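S.K.: I would like to see how this sequence folds:
(chains A and B)
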Amino acid sequence: MAPKVLMVAEKPSIALAIASVLSGGRMSSRRGSTEVHEFDGMFLGFPVHYKVTSVIGHVFSVDFPARFQDWNATNPLDLFDAPIVKTESTPKAHICRHLSQEARGCGHLVLWLDCDREGENICFEVIECTGFQSTAGRKVYRARFSSVTEKDILKAMNSLVEPNKNEAQAVDARQEIDLKVGVSFTRFQTSYFNGKYGNLDSRVISYGPCQTPTLGFCVRRHLQISTFKPEKYWTLHPYIIYKGYELKLDWQRHRLFDSDVTQMFRNFVKEDGFLKVIGISEKQVSKGRPSGLNTVNLLKVASSALGFGPQLAMQLAERLYTQGFISYPRTESTAYPASFDYKGTLGALVRNPVWGDYVQQLLSDGYHKPRSGTDAGDHPPITPMSSATEDVLGHDAWKLYQYICQHFLGTLSPDCKYTRIKIEFESGGESFNCVGQHVLVKGFTSIMPWLAVPEINMPQFTEGQKIDISRIEVDEGSTQPPDYLSESELISLMEENGIGTDASIPVHINNICERNYVQVQAGRRLVPTALGISLIRGYQLIDPDLCLPDIRSFIEQQIALVAKGQADHSLVVEHVIEQFKRKFIYFVKQIENMDALFEAEFSPLSESGRVLSKCGKCLRYMKHIPSQPSRLYCGTCEEIYYTPPKGTIKLYKELTCPLDNFELLIFSMRGPEGKSFPFCPYCYNNPPFEGIDLFGASKSIGSVKLWKGAGMPCFLCPHPTCQHSMISQGVCACPECDGTLVLDPVSAPRWRLYCNMCNCLVSLPEGAHRISTTRDHCPECDSTIIEVDFNKKTTPLKDGATLHVGCILCDELLYSLVEMKHGKSFSRNARHRGRGRGRGRRGYSGRGRGNKKQQDPRMSFRDF
DNA sequence: GCAAGGTC
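M.R.: This next block holds a predicted model:
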């Protein structure tokens, strides 16, 4: 059997392209975590069997070990010296397992990751997953390619190299630095400010070496605007009427900030009464066609001309790409590869109803090659691949596609050429001028009309000629502050300062919006909020480095040393981390300077929120603060109790928790079918029983309390006698999961049961006065017996009786009135299969971590 | 609940 060669690309599309080229299209493809393409061929002069597959970006990402995940138990300062662990970025995709399986029996590994630092880093992630490094005799190769054309792929195959460990380690360094710096500052700021103020309206007060300088740009502009002092100015405009034109002339001095002096010049001109032509210049100007379109330029146009935010623009572009209408939309390059097939691409657009004629003309008159741009070695510029119409794409995608087509056709069109005539005049010792423009060749501006050069007609003048002034105007104006930063300007600033990448720039902008630091207003301009301004002004007071773009360049420059092999990876990390640690310590020490700004802007917890319920410790009323993170604040005990997020909270009939005396609250999730449940503020934050999968907690890391807002509502409480606990309110097992269906106590008149773990919902007899659980259990199936008090008018009972007691599964009447809302439907055919063991009285077993096997077989809707 | 970077 021929030896096997495994090849791995960064994304499925590249794997497909490589396999297609190397196999000449004769390959077999099968599905896996990612597709695998197989074929036979030659490798280094020997016949081999190829397998080509891919990862989906990074396989791993870095994080802190579990013991550093609890915000309350970890001092953020300790994070600088904490170990870091690599975990799979998308565990569900099982990429690591996939690579390890595919590598089995392969003698060679060829890495086709993108040719940048991140790609080099992913190379080593792949090597780790495949286990290639540990086995002698198996060789690892790196293919270096600048595009996925046949020529480039074959060239790369003939010049395989080794993966570059230094570049990969530079990325490791960046990951560790970004993680430690970002997370430590974020946790500290969040805990500090959310523990003091009630109306910050952001769950997380985040800090990051990219997002914070991004915010810094927006706030810098805001400060320019708010400190702007307008100044009055005056300007002089003589008018002439000549050969049927009335011309307004511009003053060479443009404007003066002194009214008297301007008047003086006006008088000089007025005394002369005429203008003398002292110069006529005419020159040909060429306005160059664009070079290829890259991601950042697409995002800028999308924001400024189409009104699409970067996130939306990328989503639309992504869709156009996967549907085959445009080429890969994430690229830095503005230069096309020498081999690019312009003719073929134009051919694909020639039938388009909107610009088909223009394409035809380019094909017949001959097109120009695009103006040379920069080749970043990643992907060709964003190019239309096939023709589409608005009907097919929908309005937004069409707008973006249309621009991509117009831009592409523009790159192949002639330059725009026009003549510019400038006439200079003199009067009273002052100089004036006017300018005319005449377009000779529209060129690319006919397909990109918004860039067209306006035609400005001008009569013929002769030098030395004198023309009477018809009138003189003195215009008064005042200097204007700049406008708020447009998103497009922000993208440019980020690009210039090396903040983020083409793929991450939209994410950073989105971040500062989501955190409520800036708001996108009319014309996609970014206006910072009080929170955003306070943060940046705070950094400026304490340590301006923290919000300057240089912070990113500093990190980049440090890790570049690692990439070039000029410095040791761990020494660089250590050095950079040490510096940030010092900055962190100083920041913590000086936080009161930032806090002074917060004090002026925000309300302390004690003044926030509305009085809601009684604290079980001091028996005084606590206040509910509904802004994120939603919480209760006891001013006497100075304690915060987080509440479930995203819903409304009310007092629950002044009932109290038997464990701690806190007044119970009812939380209602949003939406018409949102469930409601009681909870005790104290138990919710401090679950009195071990091993409970908290409501709202991340399931993947067990029941550790991971974030504010996760907690234990009564429906998870195993208290044996409290009338609100799962034990009392639970009716039967959930048909969908391991949970329990509990009675929604405030769902009248549309009574219902919901699952305490999943979304399963069961409706009970509608319109009943009251439905409640009893202490009795069904002898058949052990479900909790419920008591229904029907409405007199609509009771289904004989003789107008209203009270009925029974099991919702075994009682014929009740069973006929319940209905599954969310979840599988059920029938009662095999109802008595198995032995019913309703969960009601069985105590708290089998719901904790890893206990599932101990569960008794039990009756539920599932068994029907 | 935290960063930034890949990609879907």
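
S.K.: contacts and neighbour counts: CA atoms only from here.
M.R.: Will do.

S.K.: Please name the spatially closest residue to A:P629 (chain neighbours excluded).
M.R.: Taking CA to CA, 6 or more residues apart in numbering as the measure, A:P629 lies nearest to A:R203, with 4.8 Å between them; neighbours along the chain are not counted.

S.K.: Roughly how far does that neighbour sit from DNA strand B?
M.R.: Distance, A:R203 to DNA strand B, using CA to the nearest atom of the strand, to the nearest Å: 6 Å.

S.K.: for the helix or strand A:K300 falls within, packing partners?
M.R.: Using DSSP states H and E, the secondary-structure element containing A:K300 is helix A:295-301. Helix A:295-301 sits against helix A:310-322, helix A:487-496, with contacts defined as 3 or more CA pairs under 8 Å, 6 or more residues apart in numbering; DSSP states H and E.

S.K.: Show me the shaky parts of the stretch 101-250 of chain A.
M.R.: Applying pLDDT under 70 to the stretch 101-250 of chain A flags residues A:134.

S.K.: Kindly recompute the last result at 80.
M.R.: Using pLDDT under 80 as the threshold, the predicted model of the stretch 101-250 of chain A has low-confidence ranges A:133-136, A:146-149.

S.K.: so where do the helices sit in it?
M.R.: In the stretch 101-250 of chain A, the segments counted as helices under DSSP state H, counting those that start in this stretch are A:117-130, A:150-157, A:165-194, A:211-226.

S.K.: Could you do the stretch 251-400 of chain A as well?
M.R.: If you assign secondary structure with DSSP H, counting those that start in this stretch, the helices in the stretch 251-400 of chain A sit at A:259-272, A:295-301, A:310-322, A:342-349, A:356-365, A:390-393, A:395-411.

S.K.: of those helices, which approaches A:P528 most closely?
M.R.: Proximity to A:P528, assessed across the helices of the stretch 251-400 of chain A by CA to CA, is greatest for helix A:310-322 (17.8 Å).

S.K.: what about that closest one and DNA strand B, any contact?
M.R.: Yes. Helix A:310-322 comes into contact with DNA strand B (CA under 7 Å from any atom of the strand), by way of A:E318.

S.K.: For that helix, give the mean pLDDT please.
M.R.: In this model, helix A:310-322 carries a mean pLDDT of 91.

S.K.: which other helices and strands contact that helix?
M.R.: helix A:295-301, helix A:395-411, helix A:505-514.

S.K.: Is it possible to get TSV of the helices of the stretch 101-250 of chain A that adds mean neighbour count and distance to DNA strand B?
M.R.: Below are the helices of the stretch 101-250 of chain A laid out as TSV (neighbours: other CA atoms under 10 Å; distance: least, CA to the nearest atom of the strand, whole Å):
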stretch	mean neighbour count	distance to DNA strand B
helix A:117-130	22	6
helix A:150-157	16	17
helix A:165-194	21	3
helix A:211-226	21	4
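
S.K.: Tell me which of those lies nearest to A:L605.
M.R.: When those are compared by CA to CA, helix A:165-194 sits nearest A:L605, at 8.7 Å.

S.K.: could you give the angle of the closest one to helix A:117-130?
M.R.: For helix A:165-194 against helix A:117-130, the angle by axes from the mean of the first three to the mean of the last three CA atoms, to 10 degrees is 100 degrees.

S.K.: Where do the domain boundaries of chain A fall?
M.R.: Domain assignment for chain A, taken from automatic domain parsing, gives A:4-163, A:173-227+A:484-600, A:232-288+A:417-478, A:295-414, A:612-863.

S.K.: And the spatially most central residue of chain A, how close does it get to DNA strand B?
M.R.: Relative to the mean C-alpha position of chain A, the nearest C-alpha, by CA atoms, centre = their mean, is the one of A:V507, at 4.1 Å. Distance from A:V507 to DNA strand B, counting by CA to the nearest atom of the strand: 8 Å.

S.K.: Which residue, other than its chain neighbours, is closest to that residue?
M.R.: In this structure, A:V507 finds its nearest non-sequential neighbour in A:Q311, 7.2 Å apart by CA to CA, 6+ apart.
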